[in-house]
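Participant: pasting the structure only:
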């Protein structure tokens, strides 16, 4: 296996996949709220929400459990704080140890980010990244480097309605999807690692009777994100994501090919949801 070559780990992959998935959980047409109005009311996210995803890697037709990622929400007076931690299992650490940390402070009135921090430890790779957003002045102050002490300051111009990797998840969960049909595309953008990425996701339709081990059977929506090719994904690969067709809009299963093998992330446990989470 040549995973170190790609700096890929399964908790880190879950974070990336779930980010894209939640982005896809609320597809919109060009010119709608996600493109023109930089605010939305939170109706989907619980103030004490906790989600845990288990990551698997497929190597020569064998699915290997590799790690977990935990998403925790804390509600304050004017903000939501979202913390994500990803780590490999102890038995996997000898192969490729991961201890990743992401933290976003999201404005309650707009659901857009105020600050974002990322600390990555993946094998021998280290990365520190912090962002302070000024949505009115269309700029962000970035500190980026191998660690906090060596991170370099940079002023980054941003567009209207620019998210960080985590804020986009919770903003998109709140968009009304009832009026859209299969084939509709999502346009939005995130600032990540000093680069603004435009992302589009295609809605593929409803899939009822979808089974998730230990959680139950659910009515779901399927979405297919356009993948950014590079070290992780090959050109032409398609990620498939199934999300609950309810008011929570939670990702249940994410499947994706990689440059080496393939991976999937499965919802393992949840608590603190805003709405009932019922299986069939």
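Facilitator: Ah, there it is. Because the structure is predicted, anything quoted here is derived from the model rather than measured.

Participant: which element is residue 106 on?
Facilitator: Here residue 106, judged by DSSP states H and E, is contained in strand 99-107.

Participant: from the contact counts, what lies against whichever helix or strand comes after that strand?
Facilitator: Proceeding N to C from strand 99-107, the next assigned helix or strand is strand 113-122, under DSSP H and E. Using 3 or more CB pairs under 8 Å, 6 or more residues apart in numbering; DSSP states H and E as the contact criterion, the elements in contact with strand 113-122 are strand 99-107, strand 125-134. C-betas here are computed from N, CA, C, even on glycine.

Participant: just the angle between strand 113-122 and strand 125-134, please?
Facilitator: Here strand 113-122 runs at an angle of 180 degrees relative to strand 125-134 (axes from the mean of the first three to the mean of the last three CA atoms, to 10 degrees).

Participant: and strand 113-122, average pLDDT?
Facilitator: Along strand 113-122, the predicted confidence averages to a pLDDT of 94.

Participant: please enumerate residues in contact with that strand?
Facilitator: Contacts to strand 113-122, defined as CB atoms under 8 Å, 6 or more residues apart in numbering, come from residues 7, 9, 12, 79, 96-107, 126-133, 148, 163-167.

Participant: could you do stretch 265-272 as well?
Facilitator: Looking at stretch 265-272 with CB under 8 Å, 6+ apart, the contacting residues turn out to be 10, 13-14, 17-18, 46-56, 68-69, 73, 212-215, 250-254, 277.

Participant: mind listing the strands for the protein?
Facilitator: Secondary structure of the chain (DSSP state E): strands at 50-59, 62-75, 79-88, 99-107, 113-122, 125-134, 139-145, 152-157, 185-192, 195-212, 216-225, 240-244, 251-257, 262-271.

Participant: now the residue lying closest to residue 167 once chain neighbours are set aside: how far from residue 162?
Facilitator: Once its chain neighbours are removed from consideration, residue 167 has its nearest residue in residue 113; the separation is 4.0 Å (CB to CB, 6 or more residues apart in numbering). As for residue 113, its distance to residue 162 is 8 Å (criterion: CB to CB, to the nearest Å).
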